[in-house]
Structures are given as C-alpha cells and as structure tokens.
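1. Need coordinates for the following:
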Amino acid sequence: MNLTWKRTLRTLRTPSSERFLALRDGKDLAAVDHHYLANGTVAGTVIILKGSGLKDADIEPLLSSLDDEFLPDVDLEQGNLSYTVVLGEVLGNWEAAPSSDSTR
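-> Sure thing, here's the model as predicted:
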C-alpha cells in the first residue's frame, strides 16, 4: 500500500492522545486517533473516509503500517493495541468562537 502518514500537530495532540492522517497522492484516506492509556495500552479509532477507495482488505495493512512507523512499544498481536474502525465522511469543521458580551 503506497501511503504517507501525517502526524497532525495543529489538529489534535495531547500528552495522552494524537491524530494521524493517511494520505495517498495528496488525498486524505483515513484519520486515526490514538489514546495512550495509563496501563501501557493504546486504543485507537480509525475513520476510513468515504470515497477514499480503501477496501476491507486494505485496513489491516493500513494499521500495520501505522503500528510499524509510530508505535514501537505496542502491537496488535501482543494485545496491547486495539482499534475501532468506522466509515465516515467529513461534513465540515466547527470551531469555538469567542462570545460577545452584550452587557457592555
């Protein structure tokens, strides 16, 4: 599978979680959120984007690629890494905006 992983520093990254994007030819294929738990395990949510062209057979190689590149201390086969995989589409971005104080 010819893809590139992008660690999204601006979007979501905390001391206990982070988001990655999978791209092929500059097109977003999937978003993966990792949550690093206190017991040393990692729980992930994978959002396969509709229209990405990814098939069911592509999911395991996609997860293995991410595991190999970014998660040296955990592994699916060891049982300390788990994923929930969903199919979704981006509807837009909503961000908090400063509220105006109408009492002044």
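2. only C-alpha atoms for contact and neighbour calcs from this point on.
-> Noted.
3. Would you map the strands across this structure?
-> With DSSP state E as the criterion, the chain has strands at 4-7, 13-14, 17-24, 27-36, 42-49, 81-88.
4. And those, which one averages the lowest pLDDT?
-> Across the strands of the chain, the stretch with the lowest average pLDDT is strand 13-14; it has a mean of 69.
5. related to what we said a few turns ago, which one of the strands of the chain lies nearest to Ala97?
-> With C-alpha to C-alpha as the measure, strand 13-14 is the member of these nearest Ala97 (20.2 Å).
6. Can you tell me how far the nearest residue to Leu76 once chain neighbours are set aside is from Ala43?
-> Spatial nearest neighbour of Leu76, excluding adjacent residues (C-alpha to C-alpha, 6 or more residues apart in numbering): Ser82 at 6.3 Å. Ser82 sits 5 Å away from Ala43, going by C-alpha to C-alpha, to the nearest Å.
7. what does Leu76 give?
-> In this structure, Leu76 and Ala43 are separated by 10 Å, where distance is defined by C-alpha to C-alpha.
8. again with Leu63
-> Relative to Ala43, Leu63 is positioned 12 Å away (C-alpha to C-alpha).
9. got the contact list for the residue most central in space within the chain?
-> Averaging the C-alpha coordinates of the chain gives a centre point, and the residue nearest to it by C-alpha atoms, centre = their mean is Val32 (1.2 Å). Val32 makes contacts with 19-22, 44-47, as judged by C-alpha atoms under 8 Å, 6 or more residues apart in numbering.
10. Give the ChimeraX command for selecting the buried subset of those.
-> In ChimeraX syntax, the buried subset of the contacts of Val32 is picked out as below (16 or more other C-alpha atoms under 10 Å):
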select :19,20,21,22,44,45,46,47
